[in-house]
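>>> What follows is a predicted structure for the sequence shown.
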There are 2 protein chains.
Amino acid sequence: MESIKLTPGKWRGLKILADDEGKFRMMAIDQRGSLKKALAKALGISPEEVTDEDIVKAKIMITKVLSPYASAVLTDPIYGFPYTFEYIPRDVGILLAYEKTGYEKAQGGRKTALLSDWSGEKIKRSGANAIKLLLYYRPDGDPEVVKYQQDIVRKVGEEARKYDIPFLLEPVGYEIEEPAKDSLEYAQRKPQIVIETVKEFTKEEYGVDVLKLEFPADLKYTEEFAGGEFDGKERDVAYDLYEVEDICEELDDTATIPWVLLSAGVGIEEFLLNVEIAVAHGASGFLAGRAIWKDAVPFYPDLDKMEKWLATEGVDNFARLYEVSDEATPYYKHKKFKSFANIDLEGKGTDWYKNY
Amino acid sequence: MESIKLTPGKWRGLKILADDEGKFRMMAIDQRGSLKKALAKALGISPEEVTDEDIVKAKIMITKVLSPYASAVLTDPIYGFPYTFEYIPRDVGILLAYEKTGYEKAQGGRKTALLSDWSGEKIKRSGANAIKLLLYYRPDGDPEVVKYQQDIVRKVGEEARKYDIPFLLEPVGYEIEEPAKDSLEYAQRKPQIVIETVKEFTKEEYGVDVLKLEFPADLKYTEEFAGGEFDGKERDVAYDLYEVEDICEELDDTATIPWVLLSAGVGIEEFLLNVEIAVAHGASGFLAGRAIWKDAVPFYPDLDKMEKWLATEGVDNFARLYEVSDEATPYYKHKKFKSFANIDLEGKGTDWYKNY
């Protein structure tokens, strides 16, 4: 059996992003737009009135209390990293976001922009362990937009290769016209959107190492939960849980690289079930943000109360996520690698340093 | 009080090299020449007959068994890193050697060469957390050699700054002509050599972040141990332990950056005492190699016996080193930084990422 070759920066990076078991138990606190909105609500003001200081203070509090429980923390280079990286323990990895928040609304869909004056080179230099890119993506969208988005991924993949650092891609689907994402139509379309996206970005030319994926279905539209179990709202039925499991299985068959689940702002109960189903079908863990900490934000600006909530309920959310992700596939057992023993250093030998 | 500014790569690197307490408990397994000699002795052959495979096998065994006990591991990029980095746990830092083994014997002393086809850029790219440079140095040596050696340190310091990675310098004194290092004359001279060297390389222009230093005296020449307590050989007396403590105190007064102790092939009992005295006078820990593992080498090529020795006596050596270094000064409490709260990110602000 031929071994899979990895460069040291990528390999060491993956090892650090994962925990001792090789499972990704990561926290996201790189939110900008959505955190601003939540803080505005807490303060009873408009998002424009939320100050940089508000965002920074909230990020410091969340990072300080919860990062010790994560295998790695994803943050942003504006309000996050420069203020919070000193609170991230030495054995917790760091991922840094590359994209500008939000998107440009082009005629045929959403276009992602990289943050200007920021780069893969800077992310590597800063001591971070991975580059993360959020990408709005509809595989069936306008060809010009599709190509535009693919080109960005390719560019970031090249940088990640050049600086030998893992590249985590987070493709997020969206509804091009109405109706909104929370609709029967979108719920029915979602599996295909996620799976087709996986098919595209696992091609080697993109240089993606880990995919951060949406759950490929919407549990709120399952026969079992359409009664409003998660948020009190009744919905139509798109599929049942057995079908959802089949969808996850298909996703995993398609994913030729390790994948983790994102929480996309859903509540903790729904996310726990998402994770449980996903890891039963090959996911290597989670990279979750709001599902863990969002209920702390309404306490802002009372930092004491925020801290209390995070140190109790927030930590409990994390603990429950560890439990339900117990069956996650360690990255080195993913079918790409098969086993730890099957991974080898690219160019291994006493002349490795010359050719690296 | 004005805070001390650190860039993120340097800061994160220091944090990872140290343990949770901020103390450096590091292991060196970057030996090349000296390990070759020891393996030759074990095999009853000449050093030239020792194969690359022998060196690699010994390094794998030592790294595999002992690196989990270290806060960080120093290795070399030829026989070490490409074969052993997979055995270094995710929460143990990695330092990589930049220099070619040995030295060029110039007329006025020893000249260091950097390993060709190797660089600070590659060290950073590989995912390592620090650059290490061993430098033969006599502050009172031939001016041309002194300048040559200083230039190398400056060059490496610039690379470390450029790639934002800690730079650990290991200056090692030597006797230019006869007599050898193990002599009364050298023992008397040693304090000044070490202290003058510290004075030079703590200048900001060199960009050194941590010094790896020889113990600034020779305990075998103290009144208390000249009777042959460490190796059965009687020696003349150069100083007593009180004077040695004063020498350490003077060294620490001179060191404007954190420093750790190297073991230079002395036995574990002598090294334990070195560390105990050094940390009582400001040292931030140790970076020790042979003192920990050298007694495993004579078992080679019996890898089972080597492993048994390392997992018992080797681990015990490590445990004893932790004990005697309990009073080590955490890097962030070194007078350079004063306290953790006094360190701040260089260029901190929401525009940090633009200017970094």
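Happy to help now that I have it.

>>> in its sheet, what does the helix or strand of chain A with the lowest mean pLDDT sit against?
In chain A, no helix or strand scores lower on mean pLDDT, DSSP states H and E than strand A:104-106, which sits at a mean of 86. Sheet pairing for strand A:104-106, assigned by DSSP bridges, gives strand A:109-111 (antiparallel).

>>> Averaged pLDDT, the partner strand. What do you get?
Averaged across strand A:109-111, the pLDDT comes to 93.

>>> now the helix or strand following it, how far from the centre of its chain.
Per DSSP states H and E, strand A:109-111 leads on to helix A:120-125 as the next helix or strand towards the C-terminus. Counting by CA atoms, centre = their mean, to the nearest Å, helix A:120-125 is centred 19 Å from the centre of its parent chain.

>>> which secondary structure elements does helix A:120-125 contact?
Using 3 or more CB pairs under 8 Å, 6 or more residues apart in numbering or on different chains; DSSP states H and E, the elements in contact with helix A:120-125 are strand A:130-136, helix A:143-162, helix B:120-125. The way it works is simple: take the backbone N, C-alpha and C, and place the C-beta from them, glycine included.

>>> okay, those in CSV with mean pLDDT next?
Formatted as CSV, these follow (pLDDT from 0 to 100):
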stretch, mean pLDDT
strand A:130-136, 97
helix A:143-162, 97
helix B:120-125, 98
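
>>> Next, format these as CSV and append mean neighbour count.
Formatted as CSV, the helices and strands packed on helix A:120-125 follow (neighbours: other CB atoms under 10 Å in any protein chain shown):
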stretch, mean neighbour count
strand A:130-136, 23
helix A:143-162, 17
helix B:120-125, 22
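
>>> hang on, A:Ile94 in a helix?
No - in this structure, A:Ile94 is strand, not part of a helix, as judged by DSSP: H, G, I helix; E, B strand; the rest coil.

>>> Next, count neighbours for the residue nearest to it when sequence neighbours are not counted.
With CB to CB, 6 or more residues apart in numbering or on different chains as the criterion, A:Ile94 has its nearest non-adjacent residue at 4.5 Å, and that residue is A:Ala128. Using other CB atoms under 10 Å in any protein chain shown, the number of residues around A:Ala128 comes to 27.

>>> List the contacts of A:Ala128.
A:Phe81, A:Ile94, A:Leu95, A:Leu96, A:Ile165 (CB atoms under 8 Å, 6 or more residues apart in numbering or on different chains).

>>> Same check on A:Leu241?
By CB under 8 Å, 6+ apart, the contact list for A:Leu241 reads A:Thr222, A:Glu223, A:Glu224, A:Ile277.

>>> I'd like those residues as CSV, with distance to A:Pro68 appended.
Formatted as CSV, the contacts of A:Leu241 follow (distance: CB to CB, whole Å):
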residue, distance to A:Pro68
A:Thr222, 35
A:Glu223, 40
A:Glu224, 35
A:Ile277, 28
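
>>> Give the closest residue to A:Arg235 in space, chain neighbours not counted.
A:Ala226 (4.8 Å).

>>> swap in A:Arg125?
B:Asp164 (4.6 Å).

>>> quick one, what contacts that neighbour?
Neighbours of B:Asp164 in contact, by CB under 8 Å, 6+ apart: A:Arg125, A:Ser126, A:Gly127, B:Thr7, B:Pro8, B:Gly9, B:Lys10, B:Lys124.

>>> Adding distance to B:Glu214, write those residues out as CSV.
As requested, these are exported to CSV (distance: CB to CB, whole Å):
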residue, distance to B:Glu214
A:Arg125, 32
A:Ser126, 34
A:Gly127, 30
B:Thr7, 29
B:Pro8, 31
B:Gly9, 28
B:Lys10, 24
B:Lys124, 27
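
>>> picking up where we left off before, closest one of the contacts of A:Leu241 to B:Tyr137?
Nearest to B:Tyr137 among the contacts of A:Leu241 is A:Ile277, at 61.9 Å by CB to CB.

>>> that older thread, go through the helices and strands packed on helix A:120-125 and name the closest to B:Leu345.
helix B:120-125 (18.9 Å).

>>> For the closest one, give me every contacting residue.
By CB under 8 Å, 6+ apart, the list of residues contacting helix B:120-125 reads A:9, A:124-125, A:163-164, A:353, A:356, B:9, B:77, B:96, B:98, B:131, B:156, B:159-160, B:162-165.
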